[in-house]
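[1] show me the folded form of this:
(2 chains)
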Amino acid sequence: MSTPNTRAQSAWEPRAELTVLDRDIPRIDGPEKVTGRARYTHDVRLPNMVYARLVLAKVPRATVDEIDLSAAGQMPGVVFVGVEKQVGDALVYLGDDSVLAFVAAETPEQARDAARAVRFTLSPKSPVVTREQALSPDAPAITDRGNVRAGRGPRNAEEAQALLDGSAFKVAGTYTLPVQHHVCLETHGCVVDWNAETKQATVYSSTQMVSGSADMFAQILGVETSAVRVVCQHMGGGFGSKFGPDLEGAIACRIGQAIGRPVHLMLDRPQEFQMAGNRSGTHAEIALGCDATGKLTAVTGQVDRLGGMGAGSFPGLPYIYEAASGAVTRSVHTATDSNRAMRAPGHPQASFVMESALDELAYAAGLDPLEMRLVNAPNDTWKRHLGVVADAIGWPAHPNKKAPGTPDADGWCEGIGFGLATWRASGAPGAQAEVRIERDGSVIASCGVQDLGTGARTYVAAIPAEEFGLEVARVTARIGDSSLPAGVASGGSVTTGSVAPVVKQAAHVAREAFEKRLEETTKVAPGGYVWQRGRVRTQDGAFDVSFGDACALLGNAPVVGTAGFEESKHLLAEGRLHGAQAVRVRVDTVTGRVVVVDMVAIQDQGLPLNRLALRSQINGGMVQAISYGLLEERVIDPELGLLLTDNLESYKIAGAREIPRMRSIIDDEDTRWAVTGSAEAPIIPGHSAIANAIFNACGARLRSTPFTPDKVLTALAARG
Amino acid sequence: MKRGRDEENEVAQRAGAEERARLSRRAFLKGASSVAAGGAAVTGFLAEGAAAAAAASPGTSLAGKVDVKLQINGVEHALALEPRTTLLSALRHHLARPLTGAKEVCDRGNCGACTVLVDGRPVYSCLQLAVRCEGRAVTTVEGLGAPDAMSDVQAAFVAKDAQMCGFCTPGFVVATTACLARHPSADRDTIRTELCGNLCRCGTYPFVFDAAEAARDARSASNGGAR
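    Have a look, this model is predicted:
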């Protein structure tokens, strides 16, 4: 049945020859999604299934004095209750350490009632939820290693300080960003279907790592990895927060093994905010200098990463730009949930610090903000990108380039700001794919990878369609299942760079094998065939049949092509990704309200597999950056330690009214004819560009996100 | 969805005469209690367990089920539901064959992912008691079309890629359907306003607006309209 892998060297077709890729491909699971048929983990309904629910403390630090499940256990419909914390246990931080107990019942309503009936008494301790509280001399130690952990740098503090001191122009400022949440619309959780007789489990999990999490669930369940199948056909957002079972997955396994029934355990929205991930906050006090031409000289200062129990993320300064760096980064711990990876971890924070300081320096040096970036952009791609977005946003005709504008009669003014984006083009080892062609003409491409909404399922079908000259609908994509050839974890934009090459290579191997089989009929060796428009022919035209008729020649043995990452790497783009964004805002100087009216992004991408999905991805980055810049902030009461922003009426994200005119430009001058992912780069600079546009509009320098009206008015007053 | 909330109030008023409406919606909703939401903040800090126990004490009228006939996507379903069951929960958990297109995201009327049509008007099904929907036509996203027979709005969402992860998409499809029914020639600004009760995290808004415009234009063209 299997065909020997011929290790053929494959290549992406030149742009002019592509018939499927590099076009707008409507996603193949679209019809399921828009009609409500797509089944997410939340939607899994199994016979005899119970609904589990967690019980969380709301204070960050406490001792458990009493915990009593007796009332909960007697509630109607309750089938299981259990504790996660015992009397005398310490609650160390607000997050998954807040989980006290759990219940399972026949209906979600009964589970909610039972969760409310869990009795507990806590003795709270001082919260330690802010940077100031953590750094206070008498603060209790939040981690075994204390509240401050030294991080990166300085590379050369003395040299940087000397260069800064000798700079023609200098600025210094404190820039802060609060903790942000991922806000996956589908909360974290899973459905564990444990079979006590066979000691096997099927786990439906909302995860960015289908293949890799089978092993993690198996460890929790105490069985071999082969005894666990993880399934995730659709997932409602991850953004870096959904790797592995987490505590809720472990608890679902415990309940399932205890009662021998399928267990549905999804966090509710307040729990999601409390324990399912965040982007670390930042407190940066830095100084930046440039010479008389605007060329950066040095950056110095200190950056605190505020990742709660985690280290936080920050890629270092001067980030994208080039200058001597004396900047130090360190972690300041608070008694809050550890930060998790979130779309370009650390980069939006570094972008805000660096692009803001650079912008301040531009005005100080008498340069306009575009000139300043053209002087300092490290390569010609970024310079070209800046030109594209500047033209698109209307910068050449913009009146106030080197000084803020003045309000009109109604108090409104308008400004433009810029920022640069970056990421690395890469893939991760481990991905495998199989492309299989049956005698009945079916083409099945399989890889266990998940589709987070990126369009992975669609390119798993589209790539073999391109190879065989078929329409996308002719190919079946099988993904989202750990029983398939392994996918990779979807983090750091590596999915496309990992999966698309192996699918392409597997399709190519299948095609060579197919041609070898056709040789018996045609006497033409592999390589002498053309696959186009649903037909296959020999180059001399002597043999010319439909794809279906060619498949009928296969007999009982299907053609199977497989590939792994090593033999597919040549199909992956390498090096750096670039992008630039420009934004136009209107600021009401009377109320402090900021309205983003236009936003443009350009992104290089190598070969864009699906231009439609790529533009969606770039739009998504811009939308999330608007949301981050204008609205998002986790708020914890510093006195009581309570999370005040625990649902979407208090933790605001951008809605339809916040969305400006928006253009996503794919850089078609990128000559790298290979593939990479694109989730991270487009989310990086948007909020920075908004801050710079606010200053350009009215002279209010916003050094703290989100740019709420009160901060705008305060900054306007400080302008003098 | 401002209209969604207006609708909610309107429904509450209209149903006020009905016997079941003697029971306050607020008191019923999900067994509301002092421990829910904001009330938990201070009491929870001082004596969270005690508050929870008090909230769960018996004697309220939450127990017991009532017979409800729901007209969903043109099919009548006879259900026995606790009065506090929301329409969203009835759809997702209490039907013999659950309808899971409407999503539970915030469960308190913030996000619109659970939007369905009741008598043709969009409502947040998480804020609607199932018992109040008796005798009214409930249409979910599943009732608007099927993968092989999509509505024009659904087809436009696919063509314009007005979806990424897709979790908010059913709510947007229903809200867009309602928007175009109410404003057949809606401009982009009207579309943005009509859809402002629905939240998307992936950032699909620009293409959602494009899809709404495409569906609008296709209808207007097929009606011999100017566009």
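[2] for the chain, give me the ranges with low pLDDT.
    This is for chain A. A:1-8, A:152-153, A:720 (pLDDT under 70).
[3] could you do chain B instead?
    Scanning chain B with the threshold set as pLDDT under 70 gives B:1-63, B:224-227.
[4] can you tell me the residue of it closest to chain A?
    Nearest residue of chain B to chain A: B:Gly101, at 2.0 Å (C-beta to the nearest C-beta). Heads up, the C-betas are built off the backbone N, CA and C, glycines and all.
[5] so what's that residue closest to, chain neighbours aside?
    Counting by C-beta to C-beta, 6 or more residues apart in numbering or on different chains, B:Gly101 lies nearest to A:Gly36, which is 2.0 Å off, once chain neighbours are set aside.
[6] quick one, what contacts the one you found?
    By C-beta atoms under 8 Å, 6 or more residues apart in numbering or on different chains, the contact set of A:Gly36 is B:99-102, B:140-142, B:170.
[7] now these: which count as buried?
    Among the contacts of A:Gly36, the ones that count as buried by 16 or more other C-beta atoms under 10 Å in any protein chain shown are B:99-102, B:140-142, B:170.
[8] which element is the residue of chain B closest to chain A on?
    Assigned by DSSP states H and E, B:Gly101 falls within no helix or strand.
[9] neighbours around the closest residue to A:Ala292 other than its chain neighbours, how many?
    Spatial nearest neighbour of A:Ala292, excluding adjacent residues (C-beta to C-beta, 6+ apart): A:Ala168 at 4.4 Å. Around A:Ala168 there are 14 other residues, counting by other C-beta atoms under 10 Å in any protein chain shown.
[10] phi and psi next, for A:Ala168.
    For A:Ala168, the backbone dihedrals (degrees, to the nearest 10) come out as phi -70, psi -40.
[11] verify the stated contact: it with A:Ala365.
    Yes - with contact defined as C-beta atoms under 8 Å, A:Ala168 counts as touching A:Ala365 (7.2 Å).
[12] need the residues touching each of the two.
    With C-beta under 8 Å, 6+ apart as the test, A:Ala168 and A:Ala365 both reach A:290, A:292.
[13] returning to what we had before: I'd like the contacts of A:Gly36 as CSV, with distance to A:Met75 appended.
    Compiled in CSV, these are given as follows (distance: C-beta to C-beta, whole Å):
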residue, distance to A:Met75
B:Leu99, 27
B:Thr100, 26
B:Gly101, 30
B:Ala102, 27
B:Thr140, 30
B:Val141, 33
B:Glu142, 33
B:Pro170, 32
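[14] domain map for the chain?
    All of this is about chain A. A:15-34+A:429-571, A:41-126+A:188-266, A:278-425+A:574-718 (automatic domain parsing).
[15] wait, I meant chain B there
    B:2-23+B:62-143, B:32-60, B:145-222.
[16] okay, the ones you listed, which one's buried deepest?
    By mean neighbour count, with neighbours taken as mean count of other C-beta atoms under 10 Å in any protein chain shown, domain B:145-222 ranks first of those at a mean of 22.
[17] between the two ends of that one, how far is it?
    19 Å (C-alpha to C-alpha, to the nearest Å).
[18] centre of the chain to that domain, how far?
    Distance of domain B:145-222 from its chain centroid, counting by C-alpha atoms, centre = their mean, to the nearest Å, is 16 Å.
[19] ok, that domain near chain A or not?
    Yes - applying C-beta under 8 Å from any C-beta of the partner chain, one finds domain B:145-222 touching chain A at B:145-148, B:150, B:154-155, B:157-159, B:161, B:163-170, B:173, B:191-193, B:195-209.
[20] so which of these are in helices?
    The members of these that map onto helices under DSSP state H are B:154-155, B:157-159, B:169-170, B:173, B:191-193, B:205-209.
[21] residues from the stretch 251-400 of chain A in reach of chain B?
    So far as C-beta under 8 Å from any C-beta goes, the stretch 251-400 of chain A lies against chain B at A:268-269.
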